[in-house]
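Trainee: Starting from these lines, generate the structure:
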Amino acid sequence: MKMDRLQFEFTMISSNDGKSNVLAITSITTEEGKCYVLPEELKPVIHHTSIIKMNTFPKIKNSIKKRHQSRKIWIKLDEDQKKIYIDEEGNMQFSDQYLEEMSSKQPRDKDDSLQNILEKLIETTTKKENQHNLKHISEKFIIEKFTSKNSNAMQWIENFEKECERFNITKDETKIDILRLFLEKSCLDWYRSMMIKLTVHSEWNEWKDKFLETFKNRGWDIVTSALTFRYKEGLLIDYAIKKERLILDVNKSIDPKTMIDLIATGLPGFILNKLNRDELDSSTDLFNEIRKYEGMMYKKNLTTTKSGTFIYKNKSDEKKPCNNCKSLDKGIRYHPEESCWFKKNKIEFEKAFKAKNVNNNSIIEVDMNTEKKNE
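Mentor: Numbering: from 1, shown residues only. Now for the predicted structure:
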């Protein structure tokens, strides 16, 4: 019986102590379909030196990395290999032992089922570990989470890609998976929709294009908001840092001198006049310079506050002359009008005068009626 090639099944198995993986040859199949099993002690590929020396062995080794993974590879035997695995009568052998032929596929099928279960279990466990690792890595990313209120989607996604590169995250599937951890609110709903449309197995560039189509700001609002932002209150340095960030959200490639000009023009005039533009080469120089004048702003704000309080206090405590005394020519008297003595007497006098007029009119009417009757 002539055998020019055999099919070797390479499997990653556990070592005797169970702590490491060992690449092994678990079975050998002929072209006629007969399958032979190697003894446990002869399975590790380290015993098969003729196989290890083959040019194709590194490719075989790279194809099997996880425990219980396997590959069936046809190998064309040379004369030396034939003597190792086949005797003169055509019997399968290895290392002075005849190999056992598997007479039924049923035991093998059971082994395959068990192997499939183990592979699925390992895959699930590995996936959970990867999710945990991704979350751990994402906590080290130096970017803030993205919401629909973010002013520059293009700049944010570029920063996200740089962070992925920094942590050696190169696979598209992994980038798509970790993107979810940096989205909030409506953006997270967008991600779930994209998972249905594109799935996690699509290309990263496709996800990136959809992200920019959805969230890229094409209006002038962020530009005008950044350029017109001015100092109003608080610390000068807080204003300067915030304005720099707003401008960088619009254009991260802006030159340093223009950045200095835009920040400085939003400062109070008397502070701006104290700055020497020629001595400022970066925004850091500007920050250091305006810190010198924080005390001036504090004094100015304090003076304004005290002045406003003093004026308010004087106005509230200011005594006004009684208009009632003034109208009755009683002189200028300072007391509340509702407690004015002359006002009270005036009211009582008017009441008494009114009552007297009513009584006199009644008497006149009675007299007139009496006269008419007498006539």
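
Trainee: could you list every residue that touches the residue most central in space within the chain?
Mentor: Taking Cα atoms, centre = their mean, the centroid of the chain lies closest to Lys145, which sits 1.4 Å from it. Neighbouring residues of Lys145 by Cβ atoms under 8 Å, 6 or more residues apart in numbering: 182-184. Quick note: C-beta positions are derived from backbone N, CA and C, even for glycine.

Trainee: The stretch 251-375 of the chain: helices as residue ranges?
Mentor: For the stretch 251-375 of the chain, applying DSSP state H, counting those that start in this stretch gives helices covering 256-264, 269-272, 283-290, 294-317, 323-327, 341-374.

Trainee: would you put the C-alpha positions of the shortest one in CSV?
Mentor: The C-alpha trace of helix 269-272 is given here as CSV (Å, rounded to 0.1, in the frame of the first residue of the first chain):
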residue,chain,number,x,y,z
GLY,A,269,-9.3,97.3,28.7
PHE,A,270,-7.1,98.5,31.6
ILE,A,271,-5.6,95.0,31.9
LEU,A,272,-5.1,94.7,28.1
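
Trainee: so what secondary structure elements neighbour it?
Mentor: Where contact means 3 or more Cβ pairs under 8 Å, 6 or more residues apart in numbering; DSSP states H and E, helix 269-272 is packed against helix 294-317.

Trainee: model confidence over the helix it packs on, on average?
Mentor: Averaging pLDDT along helix 294-317 gives 57.

Trainee: for stretch 262-274, same thing?
Mentor: 90.

Trainee: Show the end-to-end separation of it, please.
Mentor: For stretch 262-274, the first-to-last residue distance is 16 Å (Cα to Cα, to the nearest Å).

Trainee: So that it lines up with my notes, have the first residue be 56 from now on.
Mentor: Will do, 56 is the new start, and the previous item becomes stretch 317-329.

Trainee: Provide the contact partners of that stretch at residue level.
Mentor: In contact with stretch 317-329 (Cβ under 8 Å, 6+ apart) are residues 282, 284-286, 291, 294-295, 298-299, 302, 330, 332, 335, 338, 341, 345, 348, 351-352.

Trainee: same deal with stretch 94-106?
Mentor: The contact list for stretch 94-106, computed with Cβ under 8 Å, 6+ apart, reads 63, 65, 68, 77-81, 107, 112, 130, 135-136, 139, 149-150, 152.

Trainee: From those residues, list the buried ones, please.
Mentor: 63, 65, 68, 78-81, 112, 130, 136, 149 (16 or more other Cβ atoms under 10 Å).

Trainee: measure Ser382 to Tyr389 for me?
Mentor: Going from Ser382 to Tyr389 by Cβ to Cβ, to the nearest Å gives 15 Å.
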